[in-house]
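*Asks:* turn this into a model:
(2 chains)
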Amino acid sequence: MSELIIKSTGQMISTETIDGDIATLNLGPTHPATHGIFQNILKVDGERILSAEPTIGYIHRAFEKLAERRPYNQITPITDRLNYCSSPINNIGWHMTVEKLAGIEVPKRVDYMRVIVMELARIADHLVCNSVIGVDTGALTGFTYMFQEREKIYELYEEICGARLTTNLGRIGGFERDFNDIFHAKLNAFLKEFPVNFEEFDRLLTRNRIFMDRVIGAGPIAAERAVEYSFSGPNLRAAGLDYDVRVMNPYSSYQDFDFSIPVGKDGDTYDRFVVRQEEIRQSLSIIRQALDKMPSGDFHANVPEFYLPPKEEVYRSMESLIYHFKIVMGETTIPAGEVYYSVEGANGELGYYLVSDGGRTPYRLHFRRPCFIYYQAYPEMIVDSVLSDAILTMSSMNVIAGELDA
Amino acid sequence: MKNEILTAFINENTNNSAVCSVDQYDMLNANIKADQLIDLVDGLKNKQGFIYLTDICAAHYPEKVGAEFEVIYHLHNLIENQRVRLKVALAESDINIPTLTVHFVGANWMERETFDFYGVNFVGHPDLRRILNMDDMDYHPLRKQYALEDETRTDKNDTFFGR
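*Replies:* Below you'll find the model as predicted:
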């Protein structure tokens, strides 16, 4: 028996039962269309999804357990591997959590440098997400162009910290080194070329009739429901709620910059796409403002207990040698207490709940990972849609396996 | 200022048995009992505007006899922009706490994660299974008695490194 259902959005779904049975379909764990290790056991009636059951944890690496054994500065590389599309945000969020616990004030210049890096990371992350939405709708071209732009952002990271993907960027108290001339040259070139290429990409998809027909109405979620599910970031804003940690609880001097929060209406794939596109433009504007208003000063706070002294000093002065030894051996004293600190990650509110008993390592560290929290709404968002929409919904939610599984 | 109103509200709804304190980071901490959780969260959500459940996690304090586990809830009032941290201490012998899935659907996976790593039993949870670890694992790995590395190894002396 087969029949054709026409949904209110104009989509047609064919249903087909084989001998009256519904079929079970294993989507994943390593399905080429899901960009990561996710398993979903779908019950399908023809191509209509009746239910979905996600299984996660395939790349669980026990970060919270690892963190209980590592000194504070050694936890930064762990945070790289949460949302690996925007590692610098995770790194800097972690540094700021420790700074909050230890009561470290960083110079204004550090705030601005951090803002530049974090917004670059946000652009890189949104570029991956949006160009992959294009790929999943069959438009590979935009993806190839946007990955060249992402490459330029990775080159910028390279100038700051020497690494590209897992950046381990910055230090507790500031940066390892100041932005160099090559960085400024490359950033200026990026700010000149990127908007042109980006708008070209935007013209390719945003008002493209074929693309719009494909993504409008795919995987919607209402704002009330999104809040119940504790959504955050672009996915929540696409549903119509303007919660952004950068504005609600400004950190790292975000209050100094003038930018707006784009919001959507229906919370569907198209809204998520458009919200991310607009956030990229806002991020560019923030970077320009930060560059223009960059205060002079030092690129790190004066906190010798946390910030490694210059290597030549270590050989010459006793204090530097002592601090160097204490930091490397993880013997820095840190106050006991507990903090919750959150930053606006590329996917939403990235929170760190840190309990310290004054020891060399955290007593307890919990990562509030936005992916993990909103991915549980996935079955609800795809039920009663078609399989190809399920793929689109997943890529437009930007579920990153590293962040999901921690 | 807002913390004081909220402290009064929490005391009122827990028969003054909650221990509230504002820490140096201006966050209100409320230590409450497990049986007060559902009513208090209901009040916070519907009367005080804490509509957003930020996070659920747990911690293990083996030396605190009778209160070995602590489940920690972070709630957020998105209109007033205020956060509150609720803590429920649980004894290892009675590690049961009511589920928050009745108030927030998003609590589902957060509670599954907490169960997975600490073995906290969320009474009334619709689907309390392990989420990140294997289903056939027979212990809860974030409890402090499980060392990160294999304790039977003799070739490695970690005295100076780590806990």
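*Asks:* switch to C-alpha atoms for all contacts and neighbour counts from now on
*Replies:* OK.
*Asks:* what about stretch B:90-101, near chain A?
*Replies:* No. Using Cα under 8 Å from any Cα of the partner chain, stretch B:90-101 stays clear of chain A, coming no nearer than 9.7 Å.
*Asks:* what's the spacing between residue A:332 and chain B?
*Replies:* Per Cα to the nearest Cα, to the nearest Å, residue A:332 is found 13 Å from chain B.
*Asks:* once you drop chain neighbours, what's closest to the spatially most central residue of chain B?
*Replies:* In chain B, the residue lying closest to the centroid (Cα atoms, centre = their mean) is residue B:71, at 1.9 Å. In space, and not counting its chain neighbours, residue B:71 is closest to residue B:58: 4.2 Å by Cα to Cα, 6 or more residues apart in numbering or on different chains.
*Asks:* and that neighbour, how many residues sit next to it?
*Replies:* 25 (other Cα atoms under 10 Å in any protein chain shown).
*Asks:* which SS state does it fall under?
*Replies:* Following DSSP: H, G, I helix; E, B strand; the rest coil, residue B:58 is assigned to strand.
*Asks:* and chain B, which residues reach chain A?
*Replies:* B:25, B:51-55, B:57, B:59, B:78, B:81, B:104-107, B:109-110, B:131-133, B:141-142, B:148, B:161-163.
*Asks:* make a PyMOL selection of whichever of these turn out to be buried.
*Replies:* Only the buried entries of those go into this PyMOL selection, using 16 or more other Cα atoms under 10 Å in any protein chain shown:
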select buried, chain B and resi 51+52+53+54+55+57+59+104+105+106+107+109+110+131+132+133+141+142+163
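*Asks:* out of the residues of chain B next to chain A, which sit inside strands?
*Replies:* Judged by DSSP state E, strands contain the following of the residues of chain B next to chain A: B:52-55, B:57, B:59.
*Asks:* skip the chain neighbours and tell me the closest residue to residue B:108.
*Replies:* residue B:101 (5.8 Å).
*Asks:* flag every residue of the stretch 151-300 of chain A that's near chain B.
*Replies:* Counting by Cα under 8 Å from any Cα, the stretch 151-300 of chain A sits next to chain B at A:227-230, A:243, A:248-249.
*Asks:* just the closest of the residues you listed to chain B, please.
*Replies:* Nearest to chain B, judged by Cα to the nearest Cα, of these is residue A:229 at 3.8 Å.
*Asks:* phi and psi next, for the residue nearest to residue B:93 when sequence neighbours are not counted.
*Replies:* Nearest non-adjacent residue to residue B:93, counting by Cα to Cα, 6+ apart: residue B:66, 8.0 Å away. Backbone geometry at residue B:66, expressed as degrees, to the nearest 10, gives phi 90, psi -10.
*Asks:* who are the contact partners of the residue nearest to residue B:108?
*Replies:* Contact partners of residue B:101, counting by Cα atoms under 8 Å, 6 or more residues apart in numbering or on different chains, are B:107-108, B:125.
*Asks:* give me the pLDDT value at the residue nearest to residue B:71.
*Replies:* Residue B:58 carries a pLDDT value of 95.
*Asks:* the helices in chain B, which residues?
*Replies:* Ranges of helices within chain B are B:2-13, B:37-46, B:107-118, based on DSSP state H.
*Asks:* quick revisit: quick one, what contacts the residue nearest to the centre of chain B?
*Replies:* With Cα under 8 Å, 6+ apart, residue B:71 has these contacts: B:56-59, B:87-90.
*Asks:* looking at the sheet around it, what are its partners?
*Replies:* residue B:58, residue B:88 (DSSP bridges).
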